[in-house]
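*Asks:* missing the sequence, but the structure's below:
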């Protein structure tokens, strides 16, 4: 069997890669040794950036609706036998994203990704299947050869693939086979975990809680459908006892002891396990530019901040569109090298952050100020919103025409208003993950003739250079009443003989009822002035380039440098 | 075959009745002579109140997501051969509802209602089936006997039912059979209608438009999925010509003529028809308190304001819960008499409004001020938000403890914040259509001991009187930090041995980050003071009673007067 991409592991990282392949039409096989998706337990924290990404595949709203919001963080401690509330803090950072942190069982997110994948024919998911042998970098077009075997059959099948993704978790078979290792410390600290419906009068059970107690520390994570997850610190004796038969009663009793004098029992216990804290990293994310590792295969850490599933999906969200572009002959394989550079930096920050986070939760000496600043960091930088990819052939820093945007970072969102029908859109809602690059033209005040001329010249330049891959949007700061869609360049109102004009490419930067012009709400949000600018976004919504309306040549240079060959246009 | 409720007509009115029956578990048969739901065309306007109602059945968000928003209304006129824009107005009234007016084909709304109905076993929908004979008020428990016949079979089947609903449209078989008639004028004015994807450079094609022209008036209604609906006034000759072969080309050409000098062609023409303007009404909505008419069977009018489907669904939204309560032995059949009183008044207002609306669109002499005030009326009272049911055994006006609420009107919505987890909810989101009455306890500032005592006495009174049908919520205006859920009466934290406490019954009236007390945002919205009040809502969200925290006896009197017998409690 021949496929373009072979993915080992159908967890969040593997399925996010699969989502890209499904959306871009790349022939892909995903194998997983499990019989089906995750049924209970495992990861459950969803950061706002992850919701933005899921929304770009059309599945964010459903996840958001089904999830539990964790808006507050409550800190408790036990001193001289008395359990006391120390503080209630905000567990989110409103304004950074249109979403906020929430919780939902990993299996439900996998299901949404599977639904998306199954809606396309090009990606196949094969359960009960493990890799048994691998050759990489063999000559020819299909440089990967993998033998796979299903649980049911003795027969071994050979898969030929152009690219291989190892999304097979902390004990990654692919990584081991490549001779790579996770490196770092494994701390001698054990934590038990369980998901259950709690029967309790503990007043903060529906808040995220950190309870520091001499018996052991406790973290409470409220979840969807009345569930609550508890993480409880175990001494070596209790850890060993639990491991004997994995009976969660030990964990539940420990939580009940910590939460005294409140009542705590577990009803409908769904899942439990034990883990040992450790922050480990694999420094090599790709080999021969043909095999790529992602997710837990390259970074493991404590689940304290609910980061794991997020960073894993964000890994392959970074990789997927690049692979698709190369496979479709649109870009040179050179761009794949940016994956390691961009995501290794994130992985390094992740494990460093996790060490501080573990200190914040477990440390006995940490002062409140330091702890709070770490918790604050979790709400901003650790959420994936502030990942900043370093300069490369994909991200070209330059100029300051959009003071509040940073090249390399994800494009933040604010409402804009459709020129044609006044409907408000969060600008990010338009930036769907299709594989297309996005060209956001901040055209300025179009009621000034000179400014309109600049936009017309820009549109002509885009047409001249056949930049068909670009999905172009115009955001102006003229009074909406003074702009007529039909006066604008055809770039911003594409015409199709059977569907007519596309009336949803041009937006005003302020409420329809406001008739003033000059920089309005959206322009101020992005720090764009009356003279406007162009913002080039990669297919993953990260800012690639910011330039003046005359800077189309710089964009052409970027596409040339990545070997762009837009066969579709 | 025996059923509790037999519904003739599976359009919006019949299916809304079916939704109630499905949710409350009442055995129901819906028959319709059509082979399946509406596939294209017909009604397409959805008012904000209808979205609120659909949301109370869990299907509002989906309709809202799929719909097209009609935020602006553009007025054009042709004078001396020149087409000119006269004004652009707001086509909505933000703040009255959490939704706004939108458009979506009737068939897509029917599909959502069918999905809801099919998720329950108790309601069956039988297509291709017509009534052929009817006897009403026969002795026994099943006082309705109807013969029905399917298209495929010669055989006639007899259905015995306790109640019959005639939701079978303007030419209602049920109404005719009862000897009732629609009365009123049929104006000698013809309009053609079609749905198509327009190929046009008319700049306001994605706004709702009224174009006044000597050739004929035109209304443009932008729709979902690039569709646009056009209503065009026809002279008698053109109307006759169209009726010859129902070829929509005539209509499209007429629109193209009106919109000159703009280009207008129709691509993918989905549907077309012709109708004659007339406002007609059936003054009798029920017979023997056993047969009820709803929707177009009792009111027909022009589609100018997109009201028809809305009022039809609102008719049976009013009736459905009453029928279910009577059938479950919870209430006396007396309450069914309120249906005619409450909905006839709405129907009368509807046809009167439609006459003014037709004048506003077609009249040649109307001044701009009068026209605008009618269009304004459409955005408020006509949207169903201001329907005010007159005093009856279900609606008992009294006092002024909630200055911005009106007994008989639907309960408006504003955000409140969950005591347990700080999550914001639009209060209306909690008021799901289950058949339960809602008791909203505005408990005031609970950090004052005297106020807490009042709430405790109220909860004790509710318990004493076994008002188990009530779904109770507490909205307080204390600082959220000073309230502990577990200190509150059990009424507001129901306990279940396997699901624990219900942590989602108590709400604060302001943002979690604000720590002040005294009337906050929600209290001010409803006009409730620090002393609080109780607001009793019917299952259809209309305010039944407003009283002090000591007024539980008045609520007991209401339930006694409707013969309440809560077998569930």
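*Replies:* Arrived safely, thanks for sending. Predicted model only: the values in this text are computed from it and were never measured. Residues are numbered from 1 along each chain as shown, chains lettered A, B, ... in the order given.

*Asks:* list the buried residues of the host helix or strand of residue A:191.
*Replies:* Assessed by DSSP states H and E, residue A:191 sits inside strand A:183-200. Across strand A:183-200, burial judged by 16 or more other C-beta atoms under 10 Å in any protein chain shown covers A:184, A:189-200. Heads up, the C-betas are built off the backbone N, CA and C, glycines and all.

*Asks:* off-centre distance for it?
*Replies:* 24 Å (C-alpha atoms, centre = their mean, to the nearest Å).

*Asks:* helices and strands around it, which ones?
*Replies:* Counting contacts by 3 or more C-beta pairs under 8 Å, 6 or more residues apart in numbering or on different chains; DSSP states H and E, strand A:183-200 packs against strand A:228-234, helix A:236-245, helix A:249-259, strand A:264-281, helix A:337-362, strand B:500-501.

*Asks:* now those as TSV including mean neighbour count and mean pLDDT?
*Replies:* As requested, the helices and strands packed on strand A:183-200 are exported to TSV (neighbours: other C-beta atoms under 10 Å in any protein chain shown; pLDDT from 0 to 100):
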stretch	mean neighbour count	mean pLDDT
strand A:228-234	24	96
helix A:236-245	13	92
helix A:249-259	20	97
strand A:264-281	18	92
helix A:337-362	19	89
strand B:500-501	23	96
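
*Asks:* which of these sits closest to residue A:72?
*Replies:* With C-beta to C-beta as the measure, strand A:228-234 is the member of the helices and strands packed on strand A:183-200 nearest residue A:72 (14.4 Å).

*Asks:* and the closest one with strand A:264-281, angle?
*Replies:* 70 degrees (axes from the mean of the first three to the mean of the last three C-alpha atoms, to 10 degrees).

*Asks:* got a list of contacts for strand A:228-234?
*Replies:* A:44, A:103, A:189-198, A:205, A:216-223, A:242, A:251, A:254-255, A:258, A:274, A:303-304, A:362 (C-beta atoms under 8 Å, 6 or more residues apart in numbering or on different chains).

*Asks:* strand partners (parallel or antiparallel) of the helix or strand harbouring residue A:164?
*Replies:* Element membership of residue A:164, judged by DSSP H and E, is strand A:156-166. In the sheet, strand A:156-166 lines up against strand A:2-8 (parallel), strand A:144-150 (antiparallel), strand A:291-293 (parallel) (DSSP bridges).

*Asks:* C-terminal to the last one, what's the next element?
*Replies:* This points to strand A:291-293. Past strand A:291-293, the next helix or strand by DSSP H and E is strand A:299-300.

*Asks:* next one: the first one
*Replies:* Moving toward the C-terminus from strand A:2-8, the first helix or strand encountered (DSSP H and E) is helix A:12-24.

*Asks:* in which helix or strand would I find the nearest residue to residue A:294 once chain neighbours are set aside?
*Replies:* Leaving aside its sequence neighbours, residue A:294 sits nearest to residue A:315 (C-beta to C-beta, 6 or more residues apart in numbering or on different chains; 3.9 Å). Secondary structure from DSSP H and E places residue A:315 in helix A:308-327.

*Asks:* quick one: mean pLDDT for that helix?
*Replies:* The pLDDT scores in helix A:308-327 average 97.

*Asks:* where does the residue nearest to residue A:456 when sequence neighbours are not counted fall, phi/psi-wise?
*Replies:* Distances taken as C-beta to C-beta, 6+ apart put residue A:489 closest to residue A:456, at 5.4 Å, once the chain neighbours are dropped. Note on residue A:489: backbone dihedrals following degrees, to the nearest 10 are phi -60, psi 150.

*Asks:* isn't residue A:489 right next to residue A:455, touching?
*Replies:* Yes. Taking contacts as C-beta atoms under 8 Å, residue A:489 lies within contact range of residue A:455: 6.7 Å.

*Asks:* who has more neighbours out of these two?
*Replies:* Neighbour totals were compared for residue A:489 and residue A:455, and residue A:455 leads with 22 against 19 (other C-beta atoms under 10 Å in any protein chain shown).

*Asks:* can you name the next helix or strand after the helix or strand encompassing the more buried one?
*Replies:* Following DSSP H and E, one finds residue A:455 within helix A:449-464. Next helix or strand after helix A:449-464 toward the C-terminus (DSSP H and E): strand A:470-476.

*Asks:* need the contact list for the residue of the stretch 1-150 of chain A found nearest chain B.
*Replies:* Nearest residue of the stretch 1-150 of chain A to chain B: residue A:71, at 4.1 Å (C-beta to the nearest C-beta). Contact analysis of residue A:71 by C-beta under 8 Å, 6+ apart lists A:90, A:91, A:92, A:100, A:207, B:421, B:422, B:423, B:512.

*Asks:* which residues does stretch A:103-113 contact?
*Replies:* With C-beta under 8 Å, 6+ apart as the criterion, stretch A:103-113 contacts A:10-12, A:15-16, A:18-19, A:37-46, A:54, A:57, A:59, A:62-63, A:66-68, A:70, A:195, A:221-224, A:227, A:229, A:306, A:309.

*Asks:* what subset of the residues you listed is buried?
*Replies:* A:10-12, A:15-16, A:18-19, A:37-38, A:41-46, A:54, A:57, A:59, A:62-63, A:67-68, A:70, A:195, A:221-224, A:227, A:229, A:306, A:309.

*Asks:* pretty sure residue A:45 contacts residue A:304?
*Replies:* No. The criterion here is C-beta under 8 Å, and residue A:45 misses it with residue A:304 at 9.6 Å.

*Asks:* overlap of the contact sets of those two?
*Replies:* Counting by C-beta under 8 Å, 6+ apart, no residue touches both residue A:45 and residue A:304.

*Asks:* quick revisit: let's have the contacts of residue A:71 in JSON lines, adding neighbour count and secondary structure.
*Replies:* Output for these, formatted as JSON lines (neighbours: other C-beta atoms under 10 Å in any protein chain shown; DSSP: H, G, I helix; E, B strand; the rest coil):
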{"residue": "A:90", "neighbour count": "16", "secondary structure": "strand"}
{"residue": "A:91", "neighbour count": "19", "secondary structure": "coil"}
{"residue": "A:92", "neighbour count": "23", "secondary structure": "coil"}
{"residue": "A:100", "neighbour count": "23", "secondary structure": "coil"}
{"residue": "A:207", "neighbour count": "21", "secondary structure": "coil"}
{"residue": "B:421", "neighbour count": "20", "secondary structure": "coil"}
{"residue": "B:422", "neighbour count": "22", "secondary structure": "coil"}
{"residue": "B:423", "neighbour count": "18", "secondary structure": "coil"}
{"residue": "B:512", "neighbour count": "19", "secondary structure": "coil"}
